[in-house]
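Undergrad: What shape does this take:
(one chain, ligands or ions: 1)
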Amino acid sequence: MTATILDGTAVSKRLMAALTERVAGMARKPTLAVVLVGQDPASQVYVKRKGKVAHEVGLGHRQIDLPIDTSEADLLKVVAELAADDDVDGILVQFPVPAQIRQSAVLDAIPAEKDVDGLTTANLGRLVQGRPLLVACTPKGAMRLIAESGVDPAGKRAVVIGRSNIVGRPMALLLEQANATVTVAHSRTPNLADVVREADLVVAAVGRPEFVKASWIKPGAVVIDVGINRTPEGKLVGDVATAEVSEVAGAITPVPGGVGPMTIAMLMENTVEAAVSRRP
Ligand code: NDP
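TA: Residues are numbered from 1 along each chain as shown. Predicted coordinates for the structure are as follows:
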């Protein structure tokens with residue numbers, strides 16, 4: 001079997017074209033504010049890309065650059081100002097933040113209705129309760145790619161490898177709410193290959209290059225590769241050994257060009273949704 005490629009670049013382009021049209025018809029431009037503390041090169045690239053895509057979709061966009069020695073109190077003041085600013089619909093603080101700032105304090109300061117990353121305690125809590133407001137971008141995008149595969153998660157066995165609050169945990173909740181039977185695997189899971197072999201749907205969010213092997217995959221399974229890893233040679237690879245897994249899986253997301261572009265498309269969608277729900 002050669003797996004169908006779930007092309008996140010193509011799907012995200014379609015989504016963004018529809019969003020652009022929707023935004024053009026809105027009386028007020030939704031606005032995304034992105035806060036960057038310090039000058040971490042990878043974070044700078046991500047933030048720049050978010051600004052560029054926001055501009056392409058027609059959103060308003062503000063970037064707030066703060067020095068690396070910004071105190072937690074000063075960052076929280078900036079977040080509070082953005083929270084109170086009626087022109088700002090979405091607030092995103094780029095992580096990681098420097099060590100003197102607690103990530104949890106930042107997340108608790110962003111109001112749920114402006115939390116376009118969907119990572120605050122309130123938004124994760126709402127997802128747990130099955131009444132989501134704004135959903136974390138990466139798992140939300142991964143669910144769209146599963147939909148693209150034509151496989152309905154209802155009644156299927158799903159295995160999510162990874163239990164972070166950013167990816168694995170919300171992903172498992174979304175799959176469960178789509179009526180899959182979900183197993184969450186992590187670094188303490190014994191016999192991982194056997195666990196994964198049960199799955200009709202596999203989501204790998206581990207952060208280990210080409211970790212998931214073909215021999216772990218049930219023939220025909222849908223494989224969603226969230227991982228982004230750089231090899232010593234500078235190549236980007238996912239958490240799945242794509243070449244060999246493609247011979248067994250029914251559908252697979254590539255890296256790059258799978259979940260990555262969907263994440264950014266979902267950020268734009270969340271910003272529009274935040275604007276609409278604040279001012280219906
Ligand atoms: P974390 O490091 O926060 O979580 C990794 C998870 O993998 C943990 O739950 C950990 O288990 C588990 N794990 C680690 N080693 C093993 C192992 N040997 N066997 C089984 N499970 C293991 O990472 P993130 O969730 O933030 O990110 C995961 C990957 O996704 C990374 O490559 C990241 O770059 C990528 N990513 C991609 C995004 C995109 O837009 N495409 C967005 C966000 C992340 P334990 O909890 O026990 O430690």
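Undergrad: residues from the stretch 101-250 of the chain in reach of the ligand?
TA: By C-beta under 6 Å from any ligand atom, the residues of the stretch 101-250 of the chain that approach the ligand are 138, 161-164, 166-168, 185-189, 192, 205-208, 226-229. The way it works is simple: take the backbone N, C-alpha and C, and place the C-beta from them, glycine included.
Undergrad: Determine the longest helix present in the protein.
TA: Secondary structure of the chain per DSSP state H: the longest helix is helix 259-278.
Undergrad: Output the contacting helices and strands for that one.
TA: Packed against helix 259-278, as judged by 3 or more C-beta pairs under 8 Å, 6 or more residues apart in numbering; DSSP states H and E, are the following elements: helix 8-24, strand 31-37, helix 41-57, strand 90-93, helix 137-149.
Undergrad: and the first one, average pLDDT?
TA: Here the mean pLDDT over helix 8-24 is 98, rounded to a whole number.
Undergrad: which strands and helices sit next to it?
TA: So helix 8-24, by 3+ C-beta pairs under 8 Å, 6+ apart, packs with helix 41-57, helix 137-149, helix 259-278.
Undergrad: same deal with the second one?
TA: Counting contacts by 3+ C-beta pairs under 8 Å, 6+ apart, strand 31-37 is packed against helix 41-57, strand 60-66, helix 72-84, strand 90-93, helix 259-278.
Undergrad: count of neighbours near residue 195?
TA: 18 (other C-beta atoms under 10 Å).
Undergrad: Then residue 186?
TA: 13.
Undergrad: excluding its backbone neighbours, what's nearest it?
TA: residue 163 (4.8 Å; C-beta to C-beta, 6 or more residues apart in numbering).
Undergrad: ok, the one you found - contacts?
TA: If you count contacts by C-beta atoms under 8 Å, 6 or more residues apart in numbering, residue 163 has them with 169, 172, 184, 186.
Undergrad: Also residue 262?
TA: The neighbours of residue 262, taking C-beta under 8 Å, 6+ apart as the test, are 8, 11-12, 138, 141-142, 144-145.
Undergrad: gap between it and residue 30?
TA: Residue 262 is 19 Å from residue 30, where distance means C-beta to C-beta, to the nearest Å.
Undergrad: Could you do residue 280 as well?
TA: 13 Å.
Undergrad: Could you check which of the two is surrounded by more residues?
TA: Using other C-beta under 10 Å as the criterion, residue 280 and residue 30 rank with residue 30 on top: 29 against 5.
Undergrad: wait, isn't the more buried one in contact with residue 89?
TA: Yes. Using C-beta atoms under 8 Å, residue 30 is in contact with residue 89, at 4.6 Å.
Undergrad: mind giving me the domain split of this structure?
TA: Each domain of the chain is listed here as a residue range: 29-111, 136-260, per automatic domain parsing.
Undergrad: Many thanks, we can stop here.
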